[in-house]
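Visitor: fold the following.
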Amino acid sequence: MSLVNYPTIRPSLILDFQKAEVVDPRVTFTRASTATFFNNAGVLTSAANNIPRIDFNPSTLVCNGLLIEEARTNLLTYSAEFNNAAWLKSNSSITANTIVAPDGTVDADKLVEDATSATHFVRQNSLSTVGVTYVSSVYLKAAERTSAVVVHFDGSVFYGVSVNLSTGALSAPPSDLSLTDASSSATVTSVGNGWYRVSVARAQVSTTTTQLRVALQSGSNGVYTGNGTSGIYIWGAQLEAGAFPTSYIPTTTTALTRNADVASMTGTNFSSWYNQVEGTVVCSGSRYSLTPSGSFANLWAISDNTANERYIVYNTGAGQTMDASVTDGGVSQGTLIAVGSITANTAISTALAYKVNDLALTRNATTVQVDTSATLPTVDRLYIGSNQIGGVQWSGYVTRISYYPVRLPNSTLQALT
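Guide: Numbering: from 1, shown residues only. The predicted structure is shown next:
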């Protein structure tokens, strides 16, 4: 950062979620359920109700920041118990609790091929709604077999992706399985200790039944004669309504919901640092998937808890940009669109400055966008990673928020982002 453009005034608020594993006590946090996250040792851990999650990259142990997610439900039962009858085994068997899973316990199973010439897989069906997008995900690790195929049924077509469990590379599924290739839209994430989380998402097309299937692969073949002992390790299956996978939701006898994260600052915890007349909010974070068309997700909002008086910075429905919107008295004072596109799993740093007839927005030091005709809302709270009533979650990480009680110059906005 250029010293010439460094602000001479100190911020009245700094929330740095990457440097502190305990969230500032002035932040009120609610979530009416438990939720999982990776701790600073790279182990998948459960947070109790209303406890925020400071999440770490399980492979590098770098802190991601405060994890804010929308509500999701894992529709699969016995998500880590593949020996249960809820999971149909075809030309295969399950050896339960064989190695250490991503949660640090010895509860990962082994999917073992039988000695027939066939496909060797495990699968579970679930009810679904036509027109809704669902995503299947599962944690896999190499054993004797070093490749596997993850399959998602969209009510009409079986979509599959092959994953190399030695490198994490995704590719088209073996041709002998007659699957539609899902490699271009599938995801894979290394979670350490040889484990990978693989996902496939599709919109439900016709029937109200969807399915997650995991098949073994030998070389380039999905249909082969097994030896009765070889296989892969498998753990943590999830099927959820949404275009991308969220944090793992363990289940047993029934589907289970992880409720939404809501973080806010109100009362004197807000008014002690906020200036109604002018100010600048600098906020950074990242999303693990961009919002699909027709929706949006909020990085932050300052409001009176309604849509009538608010500032919001959000990822748009188109998925590629960061926008800011200001509303006063129920009347839009304009929308600013930051220059350039954003990318999933990549740092996004934004700065929104406000003063009467003087709004400005930049992202990652791009050209500052301005609006010279605007009145200002009267507000009384900050939402972190959601909107004016604590909804439309960011579904990703908020790393840092700084607030300056003045409208900083455009050059400084660029320097700070």
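
Visitor: shouldn't Tyr134 be within a strand?
Guide: Yes. Counting by DSSP: H, G, I helix; E, B strand; the rest coil, Tyr134 is found in a strand.

Visitor: so it sits right up against Phe244, yeah?
Guide: No. Assessed by C-beta atoms under 8 Å, Tyr134 is found out of contact with Phe244, at 11.0 Å. Any C-beta I mention is one placed from the backbone N, CA and C, and that applies to glycine too.

Visitor: quick one: which of these two has more around it?
Guide: Between Tyr134 and Phe244, counting by other C-beta atoms under 10 Å, Tyr134 is the more crowded of the two (25 against 20).

Visitor: need the residues touching each of Tyr134 and Phe244.
Guide: Residues touching both Tyr134 and Phe244 by C-beta atoms under 8 Å, 6 or more residues apart in numbering: Ala201.

Visitor: who does the helix or strand of the chain with the lowest mean pLDDT pair up with?
Guide: Lowest on mean pLDDT, DSSP states H and E among the helices and strands of the chain sits strand 331-337, with a mean of 94. According to DSSP bridges, strand 331-337 forms sheet pairs with strand 322-328 (antiparallel).

Visitor: distance from the chain centre to the strand it pairs with, please.
Guide: 23 Å (C-alpha atoms, centre = their mean, to the nearest Å).

Visitor: and the average pLDDT for that strand is what?
Guide: The pLDDT scores in strand 322-328 average 96.

Visitor: the helices in the stretch 201-350 of the chain, which residues?
Guide: Using DSSP state H, counting those that start in this stretch, the helices of the stretch 201-350 of the chain run over residues 268-271.

Visitor: can you list the weak-confidence ranges in it?
Guide: 291-294, 318 (pLDDT under 70).

Visitor: wait, Ser171 touches Asn164, no?
Guide: Yes. Using C-beta under 8 Å, Ser171 is in contact with Asn164, at 7.3 Å.

Visitor: now Asn275. Its backbone dihedrals?
Guide: phi -120, psi 120 (degrees, to the nearest 10).

Visitor: find the residue closest to it in space, skipping its chain neighbours.
Guide: Nearest residue to Asn275 in three dimensions, chain neighbours excluded: Pro405, at 3.9 Å (C-beta to C-beta, 6 or more residues apart in numbering).

Visitor: gap between the two ends of stretch 217-235?
Guide: End-to-end distance of stretch 217-235 (C-alpha to C-alpha, to the nearest Å): 17 Å.

Visitor: buried stuff in that stretch?
Guide: Buried residues in stretch 217-235, counted by 16 or more other C-beta atoms under 10 Å: 217-218, 222-224, 226, 230-235.

Visitor: what's the span of stretch 393-412, first residue to last?
Guide: End-to-end distance of stretch 393-412 (C-alpha to C-alpha): 29 Å.

Visitor: quick one: average pLDDT of it?
Guide: For stretch 393-412, mean pLDDT rounds to 97.

Visitor: residue ranges in the stretch 1-150 of the chain under the pLDDT threshold?
Guide: For the stretch 1-150 of the chain, applying pLDDT under 70 flags the ranges 1-6.

Visitor: kindly recompute the last result at 90.
Guide: For the stretch 1-150 of the chain, residues meeting the criterion pLDDT under 90 lie at 1-9, 19-22.

Visitor: strands of that one, start to end?
Guide: Taking DSSP state E, counting those that start in this stretch as the test, the strands found in the stretch 1-150 of the chain are 13-16, 28-30, 35-38, 44-47, 54-56, 63-68, 72-74, 88-90, 92-99, 108-113, 117-118, 121-127, 133-142, 147-153.

Visitor: to the chain's geometric centre, what's the distance from the shortest one?
Guide: Okay, so that is strand 117-118. For strand 117-118, the distance to the chain centre is 38 Å (C-alpha atoms, centre = their mean).

Visitor: got a list of what Leu76 touches?
Guide: Taking C-beta under 8 Å, 6+ apart as the contact definition, Leu76 lies against 86, 124, 126, 212, 237-239, 251, 255.

Visitor: for the closest residue to it other than its chain neighbours, grab the count of nearby residues.
Guide: Distance criterion C-beta to C-beta, 6+ apart; nearest residue to Leu76, sequence neighbours excluded, is Leu239 at 4.9 Å. By other C-beta under 10 Å, the residues close to Leu239 number 24.

Visitor: contacting residues for Leu239?
Guide: 74-76, 124, 126, 134-137, 210, 212.

Visitor: just the residues you listed now: which is nearest Gly334?
Guide: Of all the contacts of Leu239, Val135 has the smallest distance to Gly334: 35.3 Å, by C-beta to C-beta.

Visitor: wait, what's in contact with Ile389?
Guide: 305-306.

Visitor: just the pLDDT for it.
Guide: 89.

Visitor: fine by me, we can end here.
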